[in-house]
Structure formats: structure tokens, C-alpha cells
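Novice: pasting a predicted model and its sequence here:
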Amino acid sequence: MNEPQADPTRPTSPEVHPHDDLTRRRFWQLGAATAVAAGAACLLPERASADTSASPDPTAQDYFDRAAELAGDTPNLKSIVSALTAGYTPPRPPAPAPLRIFDNVAVLSVGFVSATAILTPGGIILIDALDNPGEAEQYIVSGLRSLGADPSTIKYVVVTHGHGDHFGGAQYLADQYGARVMMAPADWDLVASTNPDNAPARDLDIADGQKLTLGGTTVTLHHTPGHTPGTVSPIFPARWRGRAHTAMLWGGTNPPAATASKETYLSSALAFASRTRRAGVDIELSNHGFADYGLERMERLRSAPDGRENPFIVGTSAAQRFMKIVEIMLRGRIAQDREAATPAATTMAATSTRTTACC
């Protein structure tokens, strides 16, 4: 078991220009080229025409239409388009029964939000801890036991971001089992600034790109700020029927209110897409199952326990397409802010970092 160490030097995100000027013709050409590289060329009919190239910049609706086109009829991609649309109201589905979605990965969910357990011979790495101690006991502790896993072996709780529905059960697990609680420094600061209910005591900092190893399993933790200042998105190995795969979990979904924070989110999406591509990610997961058809995929897997296919294994091309849609939707949301040209859209930075927010 390797004890994680906080790195006081946090690498800065690569410089991007999320609002570079593009003609509409160039916009569609760039989108097509990216999708071809991701194996999605079949979704991309020629779009350039005289009337689309007449305006100098793509509109917000151009971006949203492009994202919908890339998503096609693929359920998890359609779900992320909806979840990233302005005004989206997250559903409150019932809690599913706990499920091992891979040989070494279990989902423990209340419906609205989920915790993900990575099961190793040396113990459990838990990604997120639900909303409060009661949920942690009812859904995480009892859920692990029902799957034949021992909750007392939880060694680390990785909090993807500093909102209560993700950290609320962490201190309970620390108190009960001695689990170490990990969060990016910016979100430890965020939690401390508001002193919300069920906030965990500050413990371990997550450095960008940090590798957390337990029982021969290494989880790489990437800073992906935007949803909150310290959002973290993990990449980790998963096994299905003994075969090796690589999973990603996008750590924070809902775009923040401030345009500048949306631009940070976009930069993070671009950087994380590159990292997932290099890692060969072929599994897409979310801590909010409504945002990526995750709850429905759980039930599909549960209904065919002996089936050969796992609906969470989407392939490398579809994993890249997911991140491309996140990128395009954020470009649309930024364009939407500029079209609205309201002070609220550009200066409400505090709104985007409330610990009572979600998703």
C-alpha cells in the first residue's frame, strides 16, 4: 500500500483558448476531423454551406446542435447532452440495488448520486461517499457487505469535489474504519470556507496526476477544475470476466454559473480528453448515473448477469466522443453567456462554488 503524498507544486493546465474565433465552416470541419479520429465519422455528414459560412462565429445553438448530432441515438451520450444543457433539472430516481459492474468495481447508489468502490486485494478505494452518514451506512456499508466485500477494508475515500452529496459520508467512514479522506486542496479550502454539515476533517491533499496504489491497483487522480475549483477525475483499471480495461470517471458535471469558470471547465475537459486517450480508456462512468445513462446500464447488466457484453465498456472511440460532447456543450454554454451578455453570466463566480450545489 503506497501512502499518497501531497505535492506542493501543482502543474498548471495547458493553455487553451476556449473562445478562439472560428468561422462556422471551420467549426464543422474541425468537428468532423476530431470525430473521424475518434472513430465517429459515420455520424458526421457534410455541413459546410454558403449560409453557414456567412456568419463569422458559431452560435450557442450551433454548438448544441453539433453535440446532439455527435450523440446520435447513443443513450449515455444523449444523457450527457441533456445534463449539460442550461436549465436542466436533475431527476431523483429511486436507489438501485448495489451492483458489481466489473469484477473489481462496484456501484453503491442512492439514485441521484453514486459512490464507486474499487476492490483490491489490499482493501477498497472508494470514490465519493454520498450525502450524509446515514446514507454511507445504509448504501455503502450495507451495499458492500451484500456484495461480499468488507467495508472495514476501506482505506481511502477519494472525494471528487467539495459538494455535500459527494463528501457527506466521508467522515463517518473515517471514524468507523480509519479510512483516509482525500480531496484536492482547492476543494478542501472550499469546504472550510463554508463549514457545511458533515464536512470531513481535512486529511490528505490530492496532487494533479497523483497515483494512488493499493493492493496492486493504481488509480491516477487528475485535477479537472471547473465544476468546482478542485474537481478531480480518476482513471483506473477495471476487469471484466478477467479481461483488462481502463475506466474514467468525470468528477463534476454541472457547469458553474460564471463564464470564467466555464472556461476553466472547458480547459479541464480538453486536458482530460487527452489523458484518457493516452491511457486507452474504454469505460465511461459518472458519479451521477442520470448524467450518463448509468442507472439504466446497471439494470441492463443486472438483468443479464451471464451475458457477454458489459454496457459500461463503450470502447476507446466512444469514450473520446463522450469527452468531445462535453467540450462542445461547454463551448455552447460559453457562447450562450456571451449572447446573453448579462452581468450574472460573467461575474457570479461565487455561485459556482457553493458546497450545497450538486452534480
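Specialist: Arrived safely, thanks for sending.
Novice: what helix or strand is the residue nearest to residue 88 when sequence neighbours are not counted on?
Specialist: Computed as C-beta to C-beta, 6 or more residues apart in numbering, the closest residue to residue 88 that is not its neighbour in sequence is residue 82, at 6.0 Å. All C-beta atoms are positioned from the backbone trio N, CA, C, and that covers glycine. Secondary structure from DSSP states H and E places residue 82 in helix 75-83.
Novice: and that helix, how far from the chain's centre?
Specialist: Centroid separation for helix 75-83 versus its chain: 13 Å, with C-alpha atoms, centre = their mean, to the nearest Å.
Novice: list the helices and strands it packs on?
Specialist: helix 60-71, helix 294-303, helix 316-340 (3 or more C-beta pairs under 8 Å, 6 or more residues apart in numbering; DSSP states H and E).
Novice: how close does the residue nearest to residue 88 get to residue 136?
Specialist: 29 Å (C-beta to C-beta, to the nearest Å).
Novice: got a list of what the residue nearest the centre of the chain touches?
Specialist: Central residue of the chain (C-alpha atoms, centre = their mean): residue 250, 1.6 Å from the mean position. Counting by C-beta atoms under 8 Å, 6 or more residues apart in numbering, residue 250 touches 224, 233, 272, 284, 285, 286, 323, 326.
Novice: residues near the second one, how many?
Specialist: When neighbours are defined as other C-beta atoms under 10 Å, residue 233 has 25 of them.
Novice: in which helix or strand would I find it?
Specialist: Here residue 233 is assigned to strand 232-240, by DSSP H and E.
Novice: same check, this time on residue 222
Specialist: Per DSSP H and E, residue 222 falls inside strand 217-223.
Novice: give the buried residues for that strand.
Specialist: By neighbour count on 16 or more other C-beta atoms under 10 Å, the buried set for strand 217-223 is 217, 219, 220, 221, 222, 223.
Novice: and if you look at stretch 94-113?
Specialist: Those would be 95-96, 98-102, 104-113, for stretch 94-113 by 16+ other C-beta under 10 Å.
Novice: next: stretch 66-83.
Specialist: By 16+ other C-beta under 10 Å, the buried positions in stretch 66-83 come out as 66-71, 74, 76-81, 83.
Novice: do the same with stretch 131-148
Specialist: In terms of neighbour count (16+ other C-beta under 10 Å), stretch 131-148 has its buried residues at 131-133, 135-141, 143-144, 147.
Novice: and if you look at stretch 317-331?
Specialist: For stretch 317-331, the neighbour count (16+ other C-beta under 10 Å) marks 318-331 as buried.
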